[in-house]
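Trainee: One predicted model, sequence on top.
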Amino acid sequence: MSDKKYWQSFGERSNSEAFKQSSENEFNSELSLDGLDGKGLLDAKTPRRDFLKYLGFSTAAATLAASCEMPVKKVIPYVNKPEEITPGVANYYATTYVSGGDVVSVVAKVRDGRPIKIEGNELSSITKGGTSARVQASVLDLYDTARLRYPVQMVGGKPKEVSTFDAFDKMVGDDLAGLGGSPIVLLTGTITSPSSKEIIAAFLAKYPGSKHVQYDADSYSGILLANEAAYGKRAIPSYQFDQAKVIVSLDADFLGTWLSPIEFARQYAKGRKVNEKNPEVSKHYQFESLLSVTGGNSDYRFVHLPTETGVVALALLAELNGSVSAPSLDEKLKAGIKKAAQDLLANKGNALVVSGSNNVNVQLLVNAINEAIGANGTTINWSAPIQFRQGIDSDFASLVSDMDGGKVGALFVYNANPAYDYFDADKFKAALKKVKTSVSFNDRLDETSELCKYVIPAPHYLESWGDAEPKTGYYSLLQPTIMPLFKTRPFEESLLKWSGNTTTHEDYVRQYWIKKTGSLEGYEKALQDGVVEPATASASSSAFSSAKIADAVAAINAQKKGDKYELVLYKKVSLGVGSQANNPWLLEMPDPITRADWDNYAIVSPQYAKEVLGVDVSNRRQADKYEVHPDKTVLSIKVNGKNITLPALIIPGTHANVIGVAVGFGRQSADAGNTAEFIGRAVVGAGKNAFPLAMFNGQTIEGYAPSVTVEKTNEVYKVAQTQTHNSYEGRTEVVKEMTLADFKKSPDSILEERDEELKPFGGIKNFEEQGTLYAVYDKPGIKWGMSIDMNSCVACGACVIACHAENNVPVVGKSEVLRFHDMHWMRIDRYFSGDLNDANSVQTVFQPMLCQHCDNAPCENVCPVSATNHSSEGLNQMIYNRCIGTRYCANNCPYKVRRFNWADYTGADSFPDNQRGILDDSVMMMNDDLSRMVLNPDVTVRSRGVMEKCSFCVQRLQEGKLKAKMENRTLKDMVDVRTACQQACPTEAIVFGDARDKDSMIAKTRAENEQRVFYALEELHVLPNVNYLAKIRNTDVIEGVAAEKHV
Amino acid sequence: MALLKYESQVRPPLVNGDKDYHQVTEDIVRPIESNPSKMWWAGFLIAVGLLCFGIYSVYRDVDYGIGQWNLNKTVGWGWDITNFVWWVGIGHAGTLISAILLLFRQGWRTGVNRAAEAMTIFAVMCAGQFPIWHMGRVWMAFFVMPYPNTRGPLWPNFNSPLLWDVFAISTYFTVSLLFWYAGLLPDLATVRDRAKLKWRKLFYGITSFGWTGSTKHWQRHEALSLVLAGLATPLVLSVHTIVSFDFATSVIPGWHTTIFPPYFVAGAIFSGFAMVQSLLIISRKVLKLEDYITMEHIEVMNKVIVLTGSIVGVAYLTELFIAWYGQNKFENWAFMQNRVNLFSPLGWSYYIMMGCNVLSPQIFWFKKMRRNLTVTFFMSVIVNIGMWFERFVIIVTSIYRDYLPSSWSTYYTPTIWEIGFYLGTFGLFFTCYFLFSKFFPVIAIAEIKHILKRSGENYKEKMGDAEKEPLEVFAHEMAH
């Protein structure tokens, strides 16, 4: 045998240590640990425990090192707890919202000393607990950062603090003493308070020759004077829309902005609710130039020019009794008037005609019309006239000339801002300079106050004592809900002081009411209730004199037609005349019709758009292009040498020759740079002031201009709209509406339609089980549900703001709304249907849209971290601190009601204070420590990056359940739990409650309205807990359904 | 002597240029051992610049909020998820080449698999950025991880397709990375063994994990490769299927479609191959690897492109047909109005998608086109543009006008930060790719040697000489 050695590698040949090692290890499959030496694994050099120790230590150290220091915030408890205050439990105080003559009895919710929410006072027979958007938003005005904080003297346009009220009184006293007999004039808005009137009378008596002039920016002089001529009373009667089977409105937006919209909406909705056993609804005709909220709710709508307002009234009168001859009018309009007249005559005594015109002659004709249809004493009630407006335009006009003529020694301005809202503000401003001394009583340095010599801060109504008389004999009391935030003094107290009376205003009011009610107890009861009302009396009439009618007819026949385009000034539901303009909630509230916010704009018709702007909205391609881009062409509007430029917004239902502009915008200080400081940070850049375009007819100020020059400019301006698409595209799965006649004929058609749609899944009855592959589980216990009656909803938007206030919904500012980042949990979708080129045919439907709390919610199963899930009570819940912000839920929501915090809107973020310059100043204003006092402590303020949406006011549900539990009883339906939107709604369109409880209102509503109940997008099997009641129109054709056929 | 055929001419050689084993190593390791070219530096710096811009864009979104992007209450996902799906799709070609073609014993894959796998990993890294940074509260992103915690414990929602994404993408990334790295080991060891510089020795010494090329190493390497290929194969199908579930399981018309899984997978392979083409056409030129990445490779991949492009086209038409046939009003609207209607606000994007993905790849039915480098490169870019638009069309044109016309959105255009984020992922991708091409062998040296027909070629050459001889001599030779 050869000893020849074969080798495979050099390693093997040299047989080195390293090689031996590696060949040994080559097939070693054991886990090799150093120094194991056959002992246990723990004894190895790098045992598992050491590893874990180091890992644990380093993780803990890294965590400690990385964690930030949290700022310390101290909460100091009461040393002696006041009896009525329990931290965390709200107190409710009855008080009264008073603004520019409007009076609404309210209840303020006070948490830990801060009023945070306004509810309607249900004891008031006028509003029955209803509110409006402005009332809901008024609580934010209390915490307005622009409020004047101390009395000031204006020196060179800059406020100079006056250290004490005594010093202030002395300065004003000296000035008044030096007047040399020139009179003092008290210029106020309408004052309904009986005690204040007494104080004013006493003051006037103290200074002989002085007088009190009431001035309303939103003037009703026309009605007042017409009623004086026809009924001998300079007053406005109560209207009873609930008694009217036929309602004809000539330009009166009585559901939105006219006179007493909360009351009227409630009455109106009464006549609109459908009883399925006996379906009858009132018939509503609207004649107007622009599409108003009221027009949107009407059954028949006809457009006319603003200069034709009188002619329309005349034609209607002619049709009714033939005592006057009919003027010539457009055929369609004529036919509409004829139809309305027939219906009015057929319902004599159950009919009402109202007019929004401020022309005395028009209102005289309306009075004659109401006589002709037997409204006087039935639908028009003279027993309790409405006190909201008392100003007479000509009084103010003569005051301005007096001032101009140097005939006024001192001007006291309270609750009036003519330097902004008078049509000839420049004249007023010039005249004010000729007044020796002027004092303004105001909560801020507005356009008028900054021109006055002295300004004394006025308290907010939530800080005040007082009373108001919305209707003759109906009283509503004010009591403070918080200590005055600033060094304020009521107007009345200053007058008392300056007339030598040392009583405080609080004492004065108390004494006044003790006298009136007969006892202190009586006063306290009145304060507690908030209202003092007479026993309900039946409607009474007033003697009518037709003496002036012939003159009125002559005047109207003499009315000249305007030029090609006429301008209409209107008021928005949100801002009205703009006295609450620095309110971001209101500024961000989408207009019910245009769905735009933060600005005013020129409303133009589709015909105008086609002709002048070159946009044909009936052409889908052009309409698409128009709607997806926020840049709107700017129009230059010239009236009597006054010029404003506004972006044009195309709104169907607008008269082809009418341009509409909202007033209440464009608040600006004399030096525009002061606006943010004096008037408020939110109003900067918000629209243009359209008041100067109004027209004075020698007697009253009318909100239109007969001849206007409109020119298209080459500029564009971005208009922030929260909804851009106007049609519901015949999607009857979303909106269901039918005519009353059809509904009577085949009341089950909606039910049948639904059943047909769900047939593949066993019809309505078996849809829940058969529409899914999965087992359906029992859901015992409470099941929250909501019903929204599309026949009652008038789109006033009170719910939108109520939701803002209740749920700390953030304000995002115009720049963010432009990017579709609005945060509203509750929105009112508005759809148009009909022929866009025929304004008369345009129908509007409003659909409040909020989280539908689907039982089979598509948002829930897509969240990767279960941040949104379902409660055992049927709520679709959002757990903010679990949310990581993937937005998948929002994408998968068929209703698109989920809202994402795109930026730090609330200042609640972990990266604080980095949004300056990125978000609008109005958002910064909302995050001011003062503004943040309005936040509801029961609701989490959401930080950046989380999703949010309607919670059905879960904090209220929880509170109601706890209350019932503590009292050891079951829930009281409609009492213990009400959502904020439901409570705010003046028309009771929203019903909420436990749907499983057979006796609950919601269960009854669903059962009694079986033929109208539908669920939006029902066939998706998302099983919403919100149902709608189909809209029943008392008209001939449903345009939206007709449209479906050719889509 | 034409009767004698000793070689099939059907399959051309996989490596050109008569390489021997040594030459292969030299060619592929050359870029690693030499200093980078000016071109490399220019490209690298541009990539790093883009990356920095991307990082700043993401910083804006984290610090100020997702409001830095133009998403809105209706369009909750836009460029972010479009880019996510696009990058994930691109990754697919790498896995397909490395895993499925390995199992099918497709020899040609060895020329391109390393680069394609690297591309997969980088693409998935880029893709992963979007779902992470598109979160409103990214610092809470760990909530998606199912681990025992003190919050209840609170588990993620296993019903959510987004959570499936988390698992799908992380699994995909892990497997791809392991597969790629396992393949790299012998090559890294080659570089290590050739290294003369100290740092290079150290670096490749560490990264090659002590590879010695022993039989056992090879045996394990082969086994591991097979196992990982086995794991990766279903992933090719599953990852994009799961990504498609993000849409398919939703209720949104245009998303809620059962065709999505196969359609997405085909689309992913389609775009992935296009991306491989783009990268390799440049790489082979810049790194002078034309002999390894041959026209045959380019042509084969173009065949895959025309095949998958046509599958995608059929899927598009099927969708349209079903939208009409299904009689679902909302789905019909989503397709006919939001997409097919060229004049609807975003209708143009549908036509870009159709043009790039369905029509233009049809030119690859022609061999001349398949073998034309310029056309191929141009087409590969076109296809990726088209596939980006496919995702954009699916995501945005479905949700911007869905059920309630009241929520129909404004015109969605990205902000500079949204674009910046996207560019940033390009920066990330190319930064990684440039580093990879500098520090790692872009072609699998060990694997390509398997398919080298060096000995066969030698034989052939000699046979060629023999052929010239008379028949007797030849027969004599043959009889040896």
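Mentor: Right, received. Where do you want to start?
Trainee: where does the residue in the stretch 1-150 of chain B that chain A sits nearest to land on pLDDT?
Mentor: Relative to chain A, the nearest point of the stretch 1-150 of chain B is residue B:136 (1.9 Å; C-beta to the nearest C-beta). The C-beta positions use only the backbone N, C-alpha and C, and glycine is treated the same way. At residue B:136, the pLDDT value in this model is 93.
Trainee: For it, give me its contacts.
Mentor: Contacts were defined as C-beta atoms under 8 Å, 6 or more residues apart in numbering or on different chains; by that measure residue B:136 touches A:883-887, A:900-901, A:944-947, B:65-66.
Trainee: ok, now which ones touch the residue lying closest to it once chain neighbours are set aside?
Mentor: Spatial nearest neighbour of residue B:136, excluding adjacent residues (C-beta to C-beta, 6 or more residues apart in numbering or on different chains): residue A:885 at 1.9 Å. By C-beta under 8 Å, 6+ apart, the contact list for residue A:885 reads A:900-901, A:945-947, B:66, B:135-137.
Trainee: Now with 7 Å, please.
Mentor: By C-beta atoms under 7 Å, 6 or more residues apart in numbering or on different chains, residue A:885 lies in contact with A:900, A:945-947, B:66, B:135-137.
Trainee: Let me see the backbone angles for it.
Mentor: Its backbone dihedrals place residue A:885 at phi 80, psi 40, with angles given as degrees, to the nearest 10.
Trainee: rewinding a little: can you add secondary structure and distance to residue A:412 and give the contacts of residue A:885 back as a markdown table?
Mentor: Converted to a markdown table, the contacts of residue A:885 look like this (DSSP: H, G, I helix; E, B strand; the rest coil; distance: C-beta to C-beta, whole Å):
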| residue | secondary structure | distance to residue A:412 |
| --- | --- | --- |
| A:900 | strand | 50 |
| A:945 | coil | 52 |
| A:946 | coil | 51 |
| A:947 | strand | 52 |
| B:66 | helix | 52 |
| B:135 | coil | 59 |
| B:136 | coil | 53 |
| B:137 | coil | 55 |
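Trainee: any chance of those residues in TSV, plus distance to residue A:136?
Mentor: Formatted as TSV, the contacts of residue A:885 follow (distance: C-beta to C-beta, whole Å):
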residue	distance to residue A:136
A:900	24
A:945	28
A:946	25
A:947	25
B:66	30
B:135	34
B:136	29
B:137	31
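Trainee: Name the nearest of those relative to residue A:139.
Mentor: For residue A:139, the nearest member of those is residue A:946. The distance, counting by C-beta to C-beta, is 25.3 Å.
Trainee: I'd say that closest one and residue A:901 touch.
Mentor: Yes: with contact taken as C-beta atoms under 7 Å, residue A:946 and residue A:901 are classed as touching, separated by 5.5 Å.
Trainee: Pick out whichever of these two has more residues nearby.
Mentor: residue A:901 (28 against 23; other C-beta atoms under 10 Å in any protein chain shown).
Trainee: Point out where the stretch 751-900 of chain A drops to low pLDDT.
Mentor: By pLDDT under 70, the stretch 751-900 of chain A contains no weakly predicted segment.
Trainee: Return the residues of it in contact with chain B.
Mentor: Remark: the part of the stretch 751-900 of chain A in contact with chain B comprises A:819-822, A:829, A:849, A:858, A:861-866, A:882, A:884-888, A:890-892, A:894-896, A:899-900, using C-beta under 7 Å from any C-beta of the partner chain.
Trainee: Flag every residue of the stretch 151-300 of chain B that's near chain A.
Mentor: B:156-157, B:159-163, B:166, B:212, B:214, B:216, B:250-252.
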